[in-house]
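*Asks:* sequence first, then the predicted structure:
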Amino acid sequence: MAEPLYLRARVEGEAAALLAEPELVHSLVDALESPLNVVLPEQAAANAEEFGAVLGRHRLKGRVLFAHKASASSALLRRLADTAAGVDVASLGELQHALGCGFTPDRITATGPKSPQFLWLAARSGVTVAVDSAEELDLLAGLLRGHALPRCRTMLRLSGFTAPGVRVRSRLSRFGIPVAALEDTLDRVVRYGDVLDLVGVAYHLDTTSLTEKATALEGCLRALTACRDRELSPGIVDIGGGFGISYLAHREDWDTYTSALSAAALGTRPALAWGGHGYGLRNDKGTLRGSLALYPSWRPAAGAHYLDELLSAPSSAQLGGRPLAALALEHLYDVHAEPGRALLDQCGLTLATVQEVRRPPDGGADLWVRLAAKADDIALEEHGVLLDPVLLPRPGTSEAADPGPYGTGPYGADSYGAGSYGRGPVAVHLFGHLCLETDLITRRLVHLPRAPRPGDVLAFANTAAYCMDFHAGRSQRHPAARKVALWRSGGSWKWCLDEAYWPTVHKGEPQ
Ligand SMILES: Cc1ncc(COP(=O)(O)O)c(C=O)c1O
């Protein structure tokens with residue numbers, strides 16, 4: 001076989017500790033069926049603390065709000081309710097869930113597209129509303145007046161920022177009020193002063209670009225000054241989410257794989273994916289065209305580090321080039337951040353049993369591996385994320401007994417040990433169990449350190465954000481994956497169903 005192309009998952013913290021317990025993992029899947037989602041509430045609490053510590057290092061007051069949309073888990077939300085974090089809700093259901101999980105209204109911000117019902121409950125319960133458009137501002141003010149509701153803590157979500165002196169606008173967004181329309185919007189805010197209390201301005205950009213985000217943050221600081229000129233006194237800048245996860249353990253894996261994808265698109269090496277799929281790259285008469293339609297699975301800075309870099313980024317020359325955090329501090333502005341994906345880094349895994357392993361009919365060297373799960377249960381690829389699953393041989397088999405890549409010590413990315421394990425690495429296609437040609441867990445040919453066997457478990461790391469919940473359904477009446485929360489207590493692992501988890505259960509208090 002040609003040199004294996006690994007995309008080794010970065011597995012750390014609670015997730016790494018769990019994968020070092022293959023007997024437990026297998027017993028959970030045996031009891032609760034494949035696919036099984038595992039969430040790790042302690043990791044979420046630790047991540048929230050790490051984000052909060054970054055604000056602290058910049059001496060900023062503010063709040064880390066978990067963007068609820070990233071996960072449907074009650075356990076994660078309830079654990080976060082037991083920390084200093086807040087929550088950003090983007091639907092009526094999320095708001096109800098957040099209130100029911102213990103978040104008080106002062107820790108909740110309502111964002112995104114809003115129905116009248118969502119707006120009414122947000123206003124009635126006293127949460128902060130980040131208004132998305134002038135139309136929504138009118139609707140909110142009308143509701144507040146019509147139902148004699150208390151004055152509503154309101155933020156303006158802005159978009160369309162331009163760097164001073166540069167004629168490049170940030171990319172077009174469906175969301176937010178264009179900064180160019182700020183003055184008109186402030187006229188409205190002043191008019192609705194009896195019912196609206198303007199507490200801040202906000203942005204959320206769906207980009208990994210630090211420069212675009214720094215431009216937006218500076219734009220928001222300028223907007224706050226414009227508000228003060230109108231004798232409004234908002235004091236919060238909400239910088240949204242998008243801090244990201246670095247999914248891979250090794251940069252070389254990503255560089256090697258993406259170079260190989262280009263070569264495959266140009267036809268200078270065999271295809272790397274089912275049906276010659278090129279993940280956005282194509283060959284146009286010998287020239288590479290298109291762009292990689294993938295999430296950058298390896299990122300130089302992600303999560304709390306990315307927040308740190310953003311806050312440390314220099315402002316434009318007009319504002320003296322001083323770090324953005326220093327400008328916010330100088331005006332005593334609170335900084336709110338809304339990480340979704342990044343707050344759930346290492347907070348969950350999806351486990352799937354290997355159901356069948358066969359040789360392809362064309363006699364090719366790769367193996368066809370069918371899992372007891374469908375692509376929608378493990379939607380990493382749907383979100384553009386490519387990473388290898390971790391193979392956990394069935395305990396009691398000779399593979400499990402062999403001190404191979406996962407057999408000794410805590411699970412670590414380097415333990416893949418290419419070529420050193422048993423019969424060595426294999427290339428596999430991972431199929432789902434739907435009766436559908438397109439049910440591919442990933443289109444990519446995946447390299448594993450050894451051949452999987454029926455009954456083995458593949459653990460897909462880092463699925464808690466978006467991947468485990470966004471697409472899960474019950475196609476062909478296959479059961480939806482169950483979800484369990486796991487945590488360590490007194491040297492052993494404890495678990496319960498996601499919906500049964502409360503911070504009291506965790507503390508071992510009698511229920
Ligand atoms: C307003 C808002 N805040 C936060 C987020 C979370 O983004 P991420 O999961 O990339 O951190 C989103 C995602 O769509 C959003 O729309």
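*Replies:* Sure thing, it's come through.

*Asks:* roughly how far apart are the residue nearest the centre of the chain and residue 206?
*Replies:* Taking Cα atoms, centre = their mean, the centroid of the chain lies closest to residue 341, which sits 1.8 Å from it. Distance of residue 341 to residue 206, computed by Cβ to Cβ, to the nearest Å: 11 Å. No exception for glycine: its C-beta is placed from N, CA and C like everyone else's.

*Asks:* and if you look at residue 93?
*Replies:* Per Cβ to Cβ, residue 93 is found 22 Å from residue 206.

*Asks:* same question for residue 82.
*Replies:* Separation of residue 82 from residue 206 (Cβ to Cβ): 30 Å.

*Asks:* those two: which has the busier surroundings?
*Replies:* Each of residue 82 and residue 206 has its neighbours counted (other Cβ atoms under 10 Å); residue 82 has more, 16 against 12.

*Asks:* what sits in contact with each of residue 341 and residue 206?
*Replies:* Shared contacts of residue 341 and residue 206 (Cβ atoms under 8 Å, 6 or more residues apart in numbering): residue 242.

*Asks:* since we're on the nearest residue to residue 469 once chain neighbours are set aside, how many residues are nearby?
*Replies:* Nearest residue to residue 469 in three dimensions, chain neighbours excluded: residue 72, at 4.2 Å (Cβ to Cβ, 6 or more residues apart in numbering). Residue 72 is flanked by 18 other residues according to other Cβ under 10 Å.

*Asks:* what's residue 72 sitting at in phi/psi?
*Replies:* With angles defined as degrees, to the nearest 10, residue 72 sits at phi -100, psi 0.

*Asks:* so it is in contact with residue 467, correct?
*Replies:* No. Counting by Cβ atoms under 8 Å, residue 72 does not reach residue 467; the two are 11.7 Å apart.

*Asks:* against residue 317, how distant is residue 28?
*Replies:* Counting by Cβ to Cβ, the gap from residue 28 to residue 317 is 57 Å.

*Asks:* neighbour count winner among the two?
*Replies:* Neighbours per residue (other Cβ under 10 Å) separate residue 28 from residue 317, with residue 28 holding more: 21 against 9.

*Asks:* which element, helix or strand, includes that one?
*Replies:* Residue 28 belongs to helix 22-32 when assigned by DSSP states H and E.

*Asks:* kindly export that helix (C-alpha atoms) in CSV.
*Replies:* Output in CSV follows, covering the C-alpha atoms of helix 22-32 (Å, rounded to 0.1, in the frame of the first residue of the first chain):
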residue,chain,number,x,y,z
PRO,A,22,-12.0,0.6,25.8
GLU,A,23,-13.8,-1.8,28.0
LEU,A,24,-16.1,0.9,29.3
VAL,A,25,-16.6,2.3,25.8
HIS,A,26,-17.6,-1.1,24.5
SER,A,27,-19.9,-1.9,27.4
LEU,A,28,-21.7,1.4,26.8
VAL,A,29,-22.2,0.7,23.1
ASP,A,30,-23.3,-2.9,23.9
ALA,A,31,-25.9,-1.6,26.4
LEU,A,32,-27.1,1.5,24.6
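
*Asks:* what is the mean pLDDT for it?
*Replies:* Computed over helix 22-32, the mean pLDDT rounds to 98.

*Asks:* direction included, what does the next helix-or-strand element following it pair up with?
*Replies:* Counting by DSSP H and E, the next helix or strand C-terminal to helix 22-32 is strand 36-39. With DSSP bridges as the test, strand 36-39 is paired with strand 348-358 (antiparallel), strand 482-489 (parallel).

*Asks:* so which bits of the shortest one are buried?
*Replies:* What it means is strand 482-489. 482-487 (16 or more other Cβ atoms under 10 Å).

*Asks:* how about the residues of this structure near the ligand?
*Replies:* Residues of the chain lying near the ligand by Cβ under 6 Å from any ligand atom: 67, 69-70, 88, 111-112, 204, 240-243, 338-342.

*Asks:* out of those residues, which are inside helices?
*Replies:* Among those, no residue falls in helices (DSSP state H).

*Asks:* okay, now the unreliable bits of the protein?
*Replies:* 1, 166-170, 400-423, 509-511 (pLDDT under 70).

*Asks:* ok, back up a step: how close does the residue nearest to the centre of the chain get to residue 424?
*Replies:* Distance from residue 341 to residue 424, by Cβ to Cβ: 35 Å.

*Asks:* go on, residue 158?
*Replies:* 55 Å.

*Asks:* out of the strands paired with strand 36-39, which is closest to residue 101?
*Replies:* Across those, residue 101 has its closest neighbour in strand 482-489 (12.8 Å, Cβ to Cβ).

*Asks:* adjacent strands (with direction) for the helix or strand containing residue 130?
*Replies:* For residue 130, the host element (DSSP H and E) is strand 128-131. Sheet pairing here is set by DSSP bridges, and for strand 128-131 it gives strand 108-110 (parallel), strand 152-159 (parallel).
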